[in-house]
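Novice: 3D model of this:
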Amino acid sequence: MNKPWMIYGANGYTGELIAREAVRRGHAPLLAGRNEEKVAALAGELGLEHRCFALEAPGAVDRGLAGMALVIHCAGPFSATARPMMDGCIRNGVHYLDITGEIAVFELAHQLHERARQAGVLLCPGVGFDVVPTDCLAATLKEALPGARRLALGFDSRGGMSPGTARTSVEGLAQGGRIRREGKLVPVPLAWRTRRIDFGDGEKLAMTIPWGDIATAWYSTGIPDIEVYLPAPPKLVARLRRLNWIRPLLGLGFVQAWLKGKVDRSVRGPDADKRARTPTSVWGEVTDGQGRVVSGRVRVANGYDVTVHASLGIAERVLEMRRVVGHLTPAQLVGKDFVEQLPGSTPIQVEGQGDD
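Specialist: Modelled structure (predicted):
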C-alpha cells in the first residue's frame, strides 16, 4: 500500500477512527477535509500530511486530489458530497471508496459506471457497515438459491449512532421508505411493513427501512424484490407511521435545521467500550417461486468497527489490484466471504432448502 491515498473527512467521527487504525496498521494516508483546524490537529498528532479543501469548486477538488491513487470519502451528508467527489475522482484518475448507506449515492455510482470505466477508476460506495455485511450475506444467499426472486435483509444493532449518521437519518425522514419491486425502486411510507424476525437471539418485531441494500443487493444478486428490516418496538413503529401524515413538512428547511440542531447537541457517537459491547447481528432470507426458502445469519462487530476494518481492508486490496474499474458493490469487488475475515465476525450460517 505504498501508493499515496487519502482519507477525506478525517476529522469526523468515523473518519478519525479509520485514520487512527490506518496508522496502527503502519499506513500513512494523507488526511483531508473542510475544517483546516481539526484536520491539521489530527494529522499533527498522528504524524501525517494533510490538505484542506471544500468540494464546491471543481478546481479545488482537483488540486486536493492531485497525486492520489485512492480516496476513502468519509464526509457526509453524502447526498451533497458524493457527486463532487466522484466527479473529481473520475477527472483525476483516483479510485473512490466511501462509507455511505444512502440509496441515491449507490444509484449515482451506477449511473457513472461507464465514465468511471473509461477513466480507469473504481467507484465503490458503501465499504463500511453500510453495506458490507448485508451485501456479502445477500450474495451468499443468492448462491444458495440461484432462482431467488425475493430477498429480505435485516440487522440488529444497539451501539448508537455517530453525529453524521444521525443527521443523515433526519434527512431521510422526509423521503420516507424505499423497497425494490421487479427491479425498480419504489417509495413506500415510513415503517411500511412489519414482520417478526429471529436475528439470532429470538424473534423481534422489525420494520422496513430504506437501507442501502435496496440498491446494492440488486446489483450484487439481480434479485428483483428486496426489503430491509430493523428491529423496532411497537411504539416506534406507531410513531413513524403517524409521521407519514406530516412527512412533507419534515423536509422544510427550518424543520431540518431544528432537528439537526438537536442531533448536534446530543449525539456524540459510541465510545470504544460501548462499541466493544455491542456487536451486530445480520439476517437474510431468500425465496423463489417454488416455495423454497433459504435464510442466513452472521454476527459482526459493532457497525463502526466494521466500517473501520472493512474500509481499510478494501482499500488495501484495491491498491494491490492491477486493474479494477467502474461501479462495483463491495461483494462484487472483494467477494461474499470478505465479511467473515473482519475482526469480530463469525462464519455465515445458511439454513434451508436451496436448488437441487
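Novice: Report how many residues lie close to Gly289.
Specialist: Close neighbours of Gly289, defined as other CB atoms under 10 Å, add up to 9. All C-beta spots, glycine's among them, are computed from the backbone N, C-alpha and C.
Novice: which phi and psi does it have?
Specialist: The phi and psi torsions at Gly289 (degrees, to the nearest 10) take the values phi -80, psi 0.
Novice: That one and Ala43, how far apart?
Specialist: 55 Å (CB to CB, to the nearest Å).
Novice: what do you get for Arg193?
Specialist: Plainly put, Arg193 is 46 Å away from Ala43 if you go by CB to CB.
Novice: what about Ser220, helix or strand, and which?
Specialist: Using DSSP states H and E, Ser220 falls within helix 213-221.
Novice: now do Arg297
Specialist: According to DSSP H and E, Arg297 maps onto strand 293-300.
Novice: Next SSE downstream of that strand?
Specialist: With elements assigned by DSSP H and E, the helix or strand that comes after strand 293-300 is helix 303-320.
Novice: Buried residues in that following helix, which are they?
Specialist: Neighbour-count burial for helix 303-320, counted by 16 or more other CB atoms under 10 Å, picks out 303-315, 318-319.
Novice: And the next helix or strand past that helix?
Specialist: In N-to-C order, the element after helix 303-320 by DSSP H and E is strand 326-327.
Novice: And the helix or strand just after that following strand, what does it pack against?
Specialist: Downstream of strand 326-327, the next assigned helix or strand under DSSP H and E is helix 330-334. If you count contacts as 3 or more CB pairs under 8 Å, 6 or more residues apart in numbering; DSSP states H and E, helix 330-334 packs onto strand 122-124, helix 132-144, helix 213-221, helix 303-320.
Novice: The ones you listed: which one's closest to Ala66?
Specialist: Closest of those to Ala66 is helix 303-320, at 17.5 Å (criterion: CB to CB).
Novice: Could you export that closest one as PDB, CA atoms only?
Specialist: Provided in PDB are the C-alpha atoms of helix 303-320 (Å, rounded to 0.1, in the frame of the first residue of the first chain):
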ATOM      1  CA  GLY A 303     -21.100  -1.200  12.900                       C
ATOM      2  CA  TYR A 304     -18.400   1.500  13.300                       C
ATOM      3  CA  ASP A 305     -15.700  -1.100  14.000                       C
ATOM      4  CA  VAL A 306     -16.900  -3.000  10.900                       C
ATOM      5  CA  THR A 307     -16.600   0.300   8.900                       C
ATOM      6  CA  VAL A 308     -13.100   0.900  10.100                       C
ATOM      7  CA  HIS A 309     -11.700  -2.600   9.200                       C
ATOM      8  CA  ALA A 310     -13.800  -3.100   6.100                       C
ATOM      9  CA  SER A 311     -12.900   0.200   4.500                       C
ATOM     10  CA  LEU A 312      -9.200  -0.200   5.200                       C
ATOM     11  CA  GLY A 313      -9.200  -3.900   4.100                       C
ATOM     12  CA  ILE A 314     -10.900  -2.900   0.800                       C
ATOM     13  CA  ALA A 315      -8.600   0.000   0.300                       C
ATOM     14  CA  GLU A 316      -5.600  -2.300   0.800                       C
ATOM     15  CA  ARG A 317      -6.900  -4.800  -1.700                       C
ATOM     16  CA  VAL A 318      -7.800  -2.100  -4.300                       C
ATOM     17  CA  LEU A 319      -4.300  -0.600  -4.200                       C
ATOM     18  CA  GLU A 320      -2.800  -4.000  -4.800                       C
END
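Novice: So for Ser295, what's the nearest residue that isn't a sequence neighbour?
Specialist: Setting aside the residues directly before and after it, Ser295 is nearest to Glu285 in space (CB to CB, 6 or more residues apart in numbering), at 4.5 Å.
Novice: SS state for that neighbour?
Specialist: State at Glu285, reduced to three classes by DSSP: H, G, I helix; E, B strand; the rest coil: strand.
Novice: Give me the domain ranges for the protein.
Specialist: Domain segmentation of the chain under automatic domain parsing yields 5-129+305-340, 132-302+343-352.
Novice: what about the last one, average pLDDT?
Specialist: Right, the one you point to is domain 132-302+343-352. The average pLDDT for domain 132-302+343-352 rounds to 88.
Novice: how long is it end to end?
Specialist: One end of domain 132-302+343-352 sits 23 Å from the other (CA to CA, to the nearest Å).
Novice: repeat for stretch 94-102
Specialist: This stretch, stretch 94-102, spans 22 Å end to end (CA to CA).
Novice: now the spatially most central residue of the chain: how far from Gly101?
Specialist: Among the residues of the chain, the one closest to the centroid is Asp130, at 2.1 Å (CA atoms, centre = their mean). The gap separating Asp130 from Gly101 is 3 Å, by CB to CB.
Novice: Next: Pro187.
Specialist: Distance, Pro187 to Gly101, using CB to CB: 17 Å.
Novice: Nothing else from me, thank you.
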